[in-house]
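Chemist: I would like the atomic coordinates for the input below:
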Amino acid sequence: MKCALVTGGSRGIGSAICQKLAIDTDYHILINYQANKEAAAATLEAVIANGNTGELLQFDVADGAAVKTVLTQWQEANPEAVVEVIVNNAGITRDGLFMWMEPEDWSAVINTSLNGFYNVTNFFIQKMLRNKYGRIVNLASVSGVKGTAGQTNYSAAKGAIVGVTKALAQEVAKRNITVNAVAPGFIKSDMTSQLDEKELVKLVPLNRFGEAEEVADLVSFLVSKKASYITGEVININGGIYS
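Modeler: Residues are numbered from 1 along each chain as shown. Predicted structure coming up:
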């Protein structure tokens, strides 16, 4: 059984990626979620409706011990299963001006995006190297590429994802493992629902927010055989916003 794991797969971009991979690939979809079981179950229903198989894995990517425990139990229960694709999508925002930023708001964002990447990817990387095949796609952000005022913590976390993508890509390329990042701009989702779309859309040359499905299409391409010669890249998907 060949599998694709999507972290933060219950809602928004993560859910769209799970559903897209269910249509475009024959991977068994592992849908990670932290708290919202209803949303995760709805994503699983959509995966099945799209003619594929999947299951839910509950853990907080920022909790290294929990990640190890859940994934070890899953691997022991499914000894034949091989995770070929990891989509590190889980992320949170705790926006605010840096001068008023509380330590926990800094740490929570870094822990989820950056340490979450480490906890999940590190668990599987040796297995991928042994199997001599893998696709790792990390969700960065326009904030991590150009920086966004009011999001120093999120920009730091996503900027680090850009760096780790480029470094890890070089380490594992000889074993036919690609590592790429996708950097969305303003995408319609729960995370952007509080933003003033009418004002912010003026910053976007394409004059609209993106759809989660458009990001999912890009991720689906990057995990496919068609993208075999692309690695260490950060692909912006932002309607033309740039620094």
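
Chemist: what's near enough to touch Arg135?
Modeler: Applying C-beta atoms under 8 Å, 6 or more residues apart in numbering to Arg135 gives the contacts Glu84, Val85, Ile86, Ile177, Thr178, Leu222, Val223, Ala227. (Glycine included, C-beta is placed from N, CA and C.)

Chemist: report the contact partners of the residue of the chain most remote from its centre.
Modeler: Relative to the centre of the chain, the most outlying C-alpha is that of Met99, 28.8 Å out, by C-alpha atoms, centre = their mean. By C-beta under 8 Å, 6+ apart, the contact set of Met99 is empty.

Chemist: check Gln151 too.
Modeler: Thr93, Asp95, Ser143.

Chemist: look up how far Lys158 lies from the first one.
Modeler: For Thr93, the distance to Lys158 (C-beta to C-beta, to the nearest Å) stands at 10 Å.

Chemist: centroid residue for this protein?
Modeler: Central residue of the chain (C-alpha atoms, centre = their mean): Asn89, at 1.7 Å.

Chemist: quick one, what contacts it?
Modeler: Val6, Thr7, Gly8, Gly9, Ile13, Gly14, Ile17, Leu139.

Chemist: between these, which is closest to Gln170?
Modeler: Closest approach between the contacts of Asn89 and Gln170, by C-beta to C-beta: Leu139, at 20.2 Å.

Chemist: and the pLDDT for the spatially closest residue to that closest one that is not a sequence neighbour?
Modeler: In space, and not counting its chain neighbours, Leu139 is closest to Asn89: 4.6 Å by C-beta to C-beta, 6 or more residues apart in numbering. pLDDT for Asn89: 97.

Chemist: report the buried residues of the longest helix belonging to the chain.
Modeler: The residue-count maximum for a helix in the chain (DSSP state H) belongs to helix 152-172. Of the residues in helix 152-172, those with enough neighbours to count as buried (16 or more other C-beta atoms under 10 Å) are 152-162, 164-166, 168-169, 172.

Chemist: following the helix or strand hosting Ser15 in sequence, what is the next regular element?
Modeler: Assigned by DSSP states H and E, Ser15 belongs to helix 12-24. The helix or strand immediately downstream of helix 12-24 is strand 28-33, counting by DSSP H and E.

Chemist: the next helix or strand after that next one to helix 12-24, inter-axis angle?
Modeler: Toward the C-terminus, strand 28-33 is succeeded by helix 37-49 as the next helix or strand (DSSP H and E). If you take axes from the mean of the first three to the mean of the last three C-alpha atoms, to 10 degrees, helix 37-49 sits at 20 degrees to helix 12-24.

Chemist: so which residues of this protein form helices?
Modeler: Secondary structure of the chain (DSSP H): helices at 12-24, 37-49, 64-77, 103-110, 116-131, 142-146, 152-172, 197-200, 212-222.

Chemist: give me the contact list for the shortest one.
Modeler: Among residues not part of helix 197-200, those counted as contacts by C-beta under 8 Å, 6+ apart are Phe186, Phe209.

Chemist: I'd like the average pLDDT over that helix.
Modeler: The pLDDT scores in helix 197-200 average 77.

Chemist: how about the helices of the chain, which one is nearest Tyr242?
Modeler: helix 142-146 (6.6 Å).

Chemist: who does the closest one touch, helix- and strand-wise?
Modeler: helix 152-172, strand 177-184, strand 234-237 (3 or more C-beta pairs under 8 Å, 6 or more residues apart in numbering; DSSP states H and E).

Chemist: so which helix or strand of the protein has the lowest pLDDT on average?
Modeler: The helix or strand of the chain with the poorest confidence is helix 197-200; it has a mean of 77 (mean pLDDT, DSSP states H and E).
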